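Student: only geometry, no sequence info:
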């Protein structure tokens, strides 16, 4: 982890060390409301704070991870982790990074100004390091973090909602006649033929309901390359631990993929499957609802919980999630972009 100079207005003493930052995160994590991890306490009480601490501990061992902090009164008042995004960088031809796990407890004095200082620091550090596109996720109800990010040059390009589903005790799904859903838990790479992968990749590349297509500064062909590669990563097992394939008369009409949160599992032993992708090739077949119904009732080797995030404007997927009867909304958020080197 590379620690960056902080905004130290009003601070006493030298900047915080990695150990100081981690000790502070351990202390404030139980009372930090907005971290992008909301809902984990429904899986296990106290898990959200545990996961937040684990994220900062993991970052301290990663040479490419950077932690920005703001110090007030001699100790951290806010922090966030920045990591590079290699696939986006390769697809767009632009150095891309993402900010995660923003921490600033709600009782922080002058919280808005602290967050403004942190947002400015994140952009300044990114510019110094040659980052051209900086991604940030904030909880929708953290209005101070949203305001602070916008004052530093971030712009909203997407609103999302996350659901948590629990397969425990769920009744088997009832699928439309003629439709079957294959669950590929250990044989992801053999789930699709090469032609099927290419067809799905081409359809995914045309998908418009995403924050990258919403940003006019990003090259359209680069965004299409990114989403095409996304499907290839899913089909190869790089980005999926489970692939659900909907078929009618033998042909693929939709897919839904999930990947375990590996950082969470390694740090806490808790396995939550995160929805990576759902795509319906033939609307009106009931494939979307069938895929989500099967996924939400799937007891994977590590547990029963599934986390699904989608865009608020993606009404078709939202309806499919709500119809499962096993999912509850746990978090809404915004995806923001900043262009540190362009102003």
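Tutor: Ah, there it is. Note that the structure is a prediction, hence the values are computed from the model and not measured.

Student: all contacts plus neighbour counts: C-alpha atoms, from now on.
Tutor: Fine.

Student: buried sites along stretch 204-212?
Tutor: 204-205, 210-212 (16 or more other C-alpha atoms under 10 Å).

Student: now swap in stretch 261-281 and tell me
Tutor: Under 16+ other C-alpha under 10 Å, the buried positions of stretch 261-281 are 264, 270-281.

Student: mind listing which of those are in strands?
Tutor: 272-280 (DSSP state E).

Student: out of the buried residues of stretch 204-212, which one sits closest to residue 299?
Tutor: residue 204 (27.4 Å; C-alpha to C-alpha).

Student: Next, the contact list for the closest one, please.
Tutor: By C-alpha atoms under 8 Å, 6 or more residues apart in numbering, residue 204 lies in contact with 224, 227-228, 231, 279.

Student: Identify, from these, the entry nearest to residue 144.
Tutor: Distances from residue 144 to the contacts of residue 204, taken by C-alpha to C-alpha, are shortest for residue 227, at 32.0 Å.

Student: name the element that closest one belongs to?
Tutor: Residue 227 belongs to helix 220-236 when elements are defined using DSSP states H and E.

Student: next structured bit after that helix?
Tutor: strand 242-248.

Student: tell me the angle of the next helix or strand after that following strand relative to helix 220-236?
Tutor: Counting by DSSP H and E, the next helix or strand C-terminal to strand 242-248 is strand 251-260. Angle, strand 251-260 to helix 220-236, by axes from the mean of the first three to the mean of the last three C-alpha atoms, to 10 degrees: 80 degrees.

Student: what's the most distant pair in the buried residues of stretch 261-281?
Tutor: 270 and 281 (33.3 Å).

Student: which one of the contacts of residue 204 has the most neighbours?
Tutor: Counting neighbours by other C-alpha atoms under 10 Å, residue 231 comes out on top of the contacts of residue 204 with 26 neighbours.

Student: ok, and the closest non-adjacent residue to that one?
Tutor: Take residue 231 and drop its neighbours on the chain: the residue closest to it by C-alpha to C-alpha, 6 or more residues apart in numbering is residue 201, 5.4 Å away.

Student: which residues does that neighbour contact?
Tutor: 227-232.

Student: Span of stretch 76-96 from start to end?
Tutor: For stretch 76-96, the first and last residues are 26 Å from each other (C-alpha to C-alpha, to the nearest Å).

Student: List the buried residues for it?
Tutor: Within stretch 76-96, the residues that count as buried by 16+ other C-alpha under 10 Å are 76-84, 88-89, 91-92, 94-96.

Student: Now do that stretch: distance to the chain's middle.
Tutor: 13 Å (C-alpha atoms, centre = their mean, to the nearest Å).

Student: before we move on, back to that, show me which of the contacts of residue 201 is closest to residue 315.
Tutor: Distances from residue 315 to these, taken by C-alpha to C-alpha, are shortest for residue 227, at 20.0 Å.

Student: Surely that closest one touches residue 203?
Tutor: No. Counting by C-alpha atoms under 8 Å, residue 227 does not reach residue 203; the two are 9.2 Å apart.

Student: thinking again about what came up before, dump the contacts of residue 204 into CSV; add pLDDT and distance to residue 309 as well.
Tutor: Putting the contacts of residue 204 into CSV (pLDDT from 0 to 100; distance: C-alpha to C-alpha, whole Å) gives the following:
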residue, pLDDT, distance to residue 309
224, 95, 21
227, 94, 17
228, 94, 20
231, 94, 17
279, 94, 14
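
Student: related to what we said a few turns ago, let me know the helix or strand that the residue nearest to residue 231 is in.
Tutor: helix 194-205.

Student: try residue 28
Tutor: helix 18-28.

Student: which residues in the stretch 51-200 of the chain form strands?
Tutor: Secondary structure of the stretch 51-200 of the chain, counting by DSSP state E, counting those that start in this stretch: strands at 66-72, 75-84, 96-103, 133-139, 155-166, 179-184.

Student: Which one of those strands lies nearest to residue 312?
Tutor: strand 155-166 (5.1 Å).

Student: Can you list the strands that the closest one pairs with?
Tutor: strand 305-311 (antiparallel), strand 327-338 (antiparallel) (DSSP bridges).

Student: and those strands, which is most packed in?
Tutor: Of those, the one with the most neighbours on average (mean count of other C-alpha atoms under 10 Å) is strand 305-311, at a mean of 24.

Student: Strand 272-280 and that one, what's the angle between them?
Tutor: 50 degrees.

Student: Excluding its own residues, what touches strand 305-311? List them.
Tutor: 43, 158-167, 209-210, 271-276, 296, 299, 317-318.

Student: Relative to the whole chain's centre, how far out is it?
Tutor: For strand 305-311, the distance to the chain centre is 9 Å (C-alpha atoms, centre = their mean).

Student: if I look at residue 279, how far off is residue 193?
Tutor: Distance, residue 279 to residue 193, using C-alpha to C-alpha: 16 Å.

Student: An error on my part: the question was meant for residue 24.
Tutor: Taken as C-alpha to C-alpha, the span from residue 24 to residue 193 is 50 Å.

Student: quick one: contacts for residue 177?
Tutor: Residue 177 neighbours (C-alpha under 8 Å, 6+ apart): none.

Student: Might you report the residue contacts of residue 339?
Tutor: 132-134, 153-154.

Student: and if you look at residue 34?
Tutor: 102-103, 138-139, 142 are the contacts of residue 34 under C-alpha under 8 Å, 6+ apart.
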